[in-house]
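Chemist: Turn this into a structure:
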Amino acid sequence: MQVLPMGVGAVLVEDPPGTPASWAAGLRSVGLRGVIEVVPAASTVLVRCEGEAALRDVTERFGEVSAISTADGEKGTVTIDVVYDGDDLGDVAVACGVEVDQVVALHRSAEYRVAFCGFAPGFGYLAGLPTALHLPRRASPRTRVPAGSVAIAAEYTAVYPRQSPGGWHLLGRTDHVLFDAERDPPAVLQPGVTVRFRSVT
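Modeler: From the prediction side, this is the model:
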């Protein structure tokens, strides 16, 4: 684990014990005073505090966090209904050397966990994609990906919460509203939440 300064009152923790989401959950469970924000990403955790003094106190206790917990904890399960008719479904099957039905079966049979959030409000990076479906992002990103698009890239799957550009492979679509600014909390997908996909027609 490496701790890097990120301006006044913040540090970036690289390669924390466990996963970034689980280490962040462990840090939150300690309940340290002065912590404003804990943001896990793919391999790092940003920790922002009220000021330099609070940051010093918090970083001195980082050693306790891994000892307390590196488990994500139970955050509940979200089931998302998907119509598997995405524009890239056939291309994904060819690239992975399987039939289209197998792509769908592999994707919907896996259990996913929100590793971290980013890119856009409500966009969760879901870990747990079967290795057989691991593909790099599209060589040519789309300028417009419809809201509700279910997609894959690298070792992650995700749902686009709103229309935006994107370079992921589109497998299908859902009507599930993942982000609503009027809701509390606005985002359905939070780090540690378990996600299952269910095929519908």
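Chemist: can we go C-alpha only for contacts and neighbour counts from here?
Modeler: Fine.
Chemist: unless I'm mixing things up, residue 3 is touching residue 15, no?
Modeler: No: at 9.2 Å, residue 3 does not count as touching residue 15 under the criterion of C-alpha atoms under 8 Å.
Chemist: Now for the two: what residues contact both?
Modeler: Counting by C-alpha atoms under 8 Å, 6 or more residues apart in numbering, no residue touches both residue 3 and residue 15.
Chemist: Check the burial of residue 43 by counting its neighbours.
Modeler: Neighbour count for residue 43, taken as other C-alpha atoms under 10 Å: 14.
Chemist: Domains of the chain: list them as residue ranges, please.
Modeler: Under the assignment automatic domain parsing, the domains of the chain span 2-68, 77-199.
Chemist: What are the boundaries of the helices in the chain?
Modeler: In the chain, the helices defined using DSSP state H lie at 20-30, 52-60, 62-68, 89-96, 100-109.
Chemist: Of all these, which one is nearest residue 77?
Modeler: helix 100-109 (14.3 Å; C-alpha to C-alpha).
Chemist: tell me the contacts of residue 24?
Modeler: If you count contacts by C-alpha under 8 Å, 6+ apart, then residue 24 has 38-40, 45 around it.
Chemist: and the gap between residue 159 and residue 144?
Modeler: 14 Å (C-alpha to C-alpha, to the nearest Å).
Chemist: So which of the two has more stuff around it?
Modeler: residue 159 (25 against 11).
Chemist: Tell me how far the residue lying farthest from the centre of the chain lies from residue 32.
Modeler: Residue farthest from the centre of the chain, counting by C-alpha atoms, centre = their mean, is residue 53 at 31.1 Å. Per C-alpha to C-alpha, residue 53 is found 13 Å from residue 32.
Chemist: got it, and residue 16?
Modeler: 18 Å.
Chemist: ditto for residue 57
Modeler: Counting by C-alpha to C-alpha, the gap between residue 57 and residue 32 amounts to 9 Å.
Chemist: Same check on residue 6?
Modeler: Counting by C-alpha to C-alpha - residue 6 and residue 32 are separated by 19 Å.
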